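Q: Structural data only, the sequence is not supplied:
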């Protein structure tokens, strides 16, 4: 049990408190007095009856204003906070004593050394951090903070050495130890890039090695500051919300809110109240509630998967787009709003309009400015740079050194069709890094469902003829379909050819029950 005692600064007041503890035969584990004069006591848990008698007696001591229980002694709180800070730092951090022995280190150190805290604590720092004489530096007269290039786990780091000194009571300074912070070349590069990053260009985070992505980002930059609605098409996981947010941050509305509603994840009634809010008294609620439309005034509202919005909500949204006003649920008074709409969809809205499943007027209102996010299989040149970027991000979060991609892994990543696009790539690499024991990610570390490419990737600088590429596509298509249509007649019927033509093609490409896994 721990007690916090608020009291006056009176000579002997601490002794009075201790006398009461002795009278009650309470074993005191610790006593601390903080800068404000509060007294903190730490003693074993006592019976409730004894505690009831103890508290009033302490309160009756002259000069004491309050006594209450507390969870931490000041030193315990400080140690807990320090440990929390150390755990969250992505850089290796050591605390060493005046002789250079490690007193404390964080998870970035132990994970890098692949040792426990108990194994690391107590050893001389020079055994794990090479290239700098820490003992000579601390033996010097009042050493100053400095930086030096060192090696840690056979890799180059910059070490920041920060001396810790304490007064000895005679106006002299004693060297008590130091804190050593290591920063890798990658971390320094990230910080340098952030320092010099333009605050206005929110598109810098996108990897744009492929022509398809360069074109989309270029178009997005041009339409970002226009106030008309934007409709973003793209498969799941291509980054539609990410580019929508970038458009908002690059627009004149960047100081306003960026709010989102997923039209596919909520029931119709819930989505309506989330979007439009409700009046006082509606649903027996004593207070009115602002919807996302009001909360996003002066900013941007993202309607994710707009194709899944109900016809009733489509009609109400059309009114907002046409008149700039709406009514809360259960209210007759119109509310005027100034919001920019960005909508996303992974479906063909034009086809839905033809089928009568999406309002034509709303489609034309929304489809003023449009972007089409390319799938990852259309961005083959971006796959490896994206993978390296995700590895750097995930390694920082996991407090470990960034791993390398093996050649077999690079080939596999570039050949895989990625039905889940960028999000699937990111998740696959996070899983691989979380379970990785070594320093290199191989093909076997990437756990993905078996999935044959849906289309042959053709580089814009490919060498060959049209006939060569057509044959590649034809072979891949026949190999994918053959397990499901294992007779020439079935396959011929599926593809609209004669069974003789199909038999000849299967023979030409060596496709049969022996060569194809059925």
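A: Happy to help now that I have it. This one's a predicted model, so the numbers in the text were calculated from it and none came from an experiment.

Q: Next up, the contacts around residue 58.
A: Neighbour list for residue 58: 3, 5, 17, 20, 64, 67 [criterion: Cβ atoms under 8 Å, 6 or more residues apart in numbering]. C-beta coordinates here come from the backbone N, C-alpha and C atoms, glycine included.

Q: where are the low-confidence patches of the stretch 151-300 of the chain?
A: Along the stretch 151-300 of the chain, segments meeting pLDDT under 70 span 169, 190, 193-201.

Q: at 80 what do you get?
A: 167-173, 185-187, 189-202, 265, 268, 281-286 (pLDDT under 80).

Q: ok so, going back, closest to residue 214 out of the contacts of residue 58?
A: The shortest approach to residue 214 among the contacts of residue 58 belongs to residue 3, at 66.0 Å (Cβ to Cβ).

Q: rewinding a little: quick check on the contacts of residue 58: which are buried?
A: Listed as buried from the contacts of residue 58 are 3, 5, 17, 64, 67; burial here means 16 or more other Cβ atoms under 10 Å.

Q: I'd like the residues you listed written out as TSV, with pLDDT, distance to residue 106 and secondary structure added.
A: What follows is these, written out as TSV (pLDDT from 0 to 100; distance: Cβ to Cβ, whole Å; DSSP: H, G, I helix; E, B strand; the rest coil):
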residue	pLDDT	distance to residue 106	secondary structure
3	87	32	strand
5	89	35	strand
17	86	38	helix
64	90	40	strand
67	88	37	strand
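
Q: Determine which two of those are furthest apart.
A: Most distant of the buried ones among the contacts of residue 58, by Cβ to Cβ, are 3 and 64, 11.0 Å apart.

Q: coming back round to it: going by distance to residue 216, which of the buried ones among the contacts of residue 58 wins?
A: The nearest member of these to residue 216, counting by Cβ to Cβ, is residue 3 at 63.5 Å.

Q: Could I get the contacting residues of the closest one?
A: Shown in contact with residue 3 (Cβ under 8 Å, 6+ apart): 40-41, 58, 67-70.

Q: these two touch, right, residue 229 and residue 370?
A: No - with contact defined as Cβ atoms under 8 Å, residue 229 does not count as touching residue 370 (9.4 Å).

Q: These two: which has the busier surroundings?
A: Neighbours were counted for residue 229 and for residue 370 using other Cβ atoms under 10 Å; residue 229 has more, 18 against 15.

Q: Can you give me the distance of that one to residue 102?
A: Per Cβ to Cβ, to the nearest Å, residue 229 is found 59 Å from residue 102.

Q: With residue 435 instead?
A: Residue 435 is 28 Å from residue 102, by Cβ to Cβ.

Q: what about these two, which has more around it?
A: A direct count of neighbours by other Cβ under 10 Å for residue 435 and residue 102 places residue 102 higher, at 21 against 9.

Q: Tell me the first helix or strand C-terminal of the helix or strand harbouring the more buried one.
A: Element membership of residue 102 [criterion: DSSP states H and E] is strand 102-105. Counting by DSSP H and E, the next helix or strand C-terminal to strand 102-105 is helix 107-113.

Q: Now do the buried residues in that next one.
A: For helix 107-113, by 16+ other Cβ under 10 Å, it's 107-110, 112.

Q: That one packs against which elements?
A: strand 93-97, helix 117-120 (3 or more Cβ pairs under 8 Å, 6 or more residues apart in numbering; DSSP states H and E).

Q: mind listing what the longest one pairs with, with the direction of each?
A: So that's strand 93-97. Applying DSSP bridges, strand 93-97 is found paired with strand 102-105 (antiparallel), strand 173-184 (antiparallel).

Q: picking that back up, export the buried ones among the contacts of residue 58 to CSV and append columns for distance to residue 428.
A: As requested, those are arranged in CSV below (distance: Cβ to Cβ, whole Å):
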residue, distance to residue 428
3, 53
5, 56
17, 61
64, 62
67, 57
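
Q: buried stuff in stretch 419-431?
A: Neighbour-count burial for stretch 419-431 flags 419-422, 424-426, 428-430 (criterion: 16+ other Cβ under 10 Å).

Q: Of those residues, which belong to helices?
A: Per DSSP state H, helices hold the following members of the buried residues of stretch 419-431: 421-422, 424-426, 428-430.

Q: what's around the closest residue to residue 246 other than its chain neighbours, how many residues?
A: Distances taken as Cβ to Cβ, 6 or more residues apart in numbering place residue 202 nearest to residue 246, at 4.4 Å, with adjacent residues excluded. Residue 202 is flanked by 21 other residues according to other Cβ under 10 Å.

Q: Could you do residue 244 as well?
A: Residues near residue 244, counting by other Cβ under 10 Å: 24.

Q: show me the contacts for it.
A: Residues in contact with residue 244, defined by Cβ under 8 Å, 6+ apart, are 230, 232, 300, 302, 342, 344.

Q: Tell me if I am right that it is in a strand.
A: No - with DSSP: H, G, I helix; E, B strand; the rest coil as the criterion, residue 244 is assigned helix and is not in a strand.

Q: Look up how far residue 229 lies from it.
A: Residue 244 is 11 Å from residue 229, by Cβ to Cβ.

Q: tell me, what's touching these two both at once?
A: Contact criterion Cβ under 8 Å, 6+ apart; residues shared by residue 244 and residue 229: residue 342.

Q: Residue 333 and residue 293: what is the separation?
A: As for residue 333, its distance to residue 293 is 14 Å (criterion: Cβ to Cβ).

Q: more crowded one of these two?
A: Neighbours were counted for residue 333 and for residue 293 using other Cβ under 10 Å; residue 293 has more, 24 against 8.

Q: Name the nearest residue to that one, ignoring sequence neighbours.
A: Leaving aside its sequence neighbours, residue 293 sits nearest to residue 337 (Cβ to Cβ, 6+ apart; 5.2 Å).

Q: same question, residue 513
A: With sequence-adjacent residues excluded and distances taken as Cβ to Cβ, 6+ apart, residue 513 is closest to residue 486, at 6.7 Å.

Q: Pull the number of nearby residues for the one you found.
A: Neighbour count of residue 486, defined by other Cβ under 10 Å: 13.

Q: now swap in residue 466 and tell me
A: Counted with other Cβ under 10 Å, the neighbours of residue 466 add up to 7.

Q: On the pLDDT front, check it for me.
A: On pLDDT, residue 466 comes in at 82.

Q: distance of it from residue 502?
A: Taking Cβ to Cβ, one finds residue 466 at 22 Å from residue 502.

Q: swap in residue 291?
A: From residue 291 to residue 502 the distance is 58 Å (Cβ to Cβ).

Q: domains of the protein?
A: Segmentation of the chain into domains, based on automatic domain parsing, reads 2-75, 89-190, 211-372, 376-445, 466-509.

Q: ok, back up a step: kindly reformat the strands paired with strand 93-97 as CSV containing distance to residue 366.
A: Converted to CSV, the strands paired with strand 93-97 look like this (distance: least, Cβ to Cβ, whole Å):
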stretch, distance to residue 366
strand 102-105, 55
strand 173-184, 46
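
Q: between those strands, which one is nearest to residue 148?
A: strand 173-184 (9.9 Å).

Q: Flag every buried residue along that closest one.
A: Across strand 173-184, burial judged by 16+ other Cβ under 10 Å covers 175, 177-178, 180-184.

Q: Out of these, flag the one nearest to residue 78.
A: residue 177 (16.1 Å).

Q: which residues touch the closest one?
A: Going by Cβ under 8 Å, 6+ apart, residue 177 touches 95-98, 103, 138, 163-164.

Q: Narrow those to those that are buried.
A: Among the contacts of residue 177, the ones that count as buried by 16+ other Cβ under 10 Å are 95-98, 138, 163.
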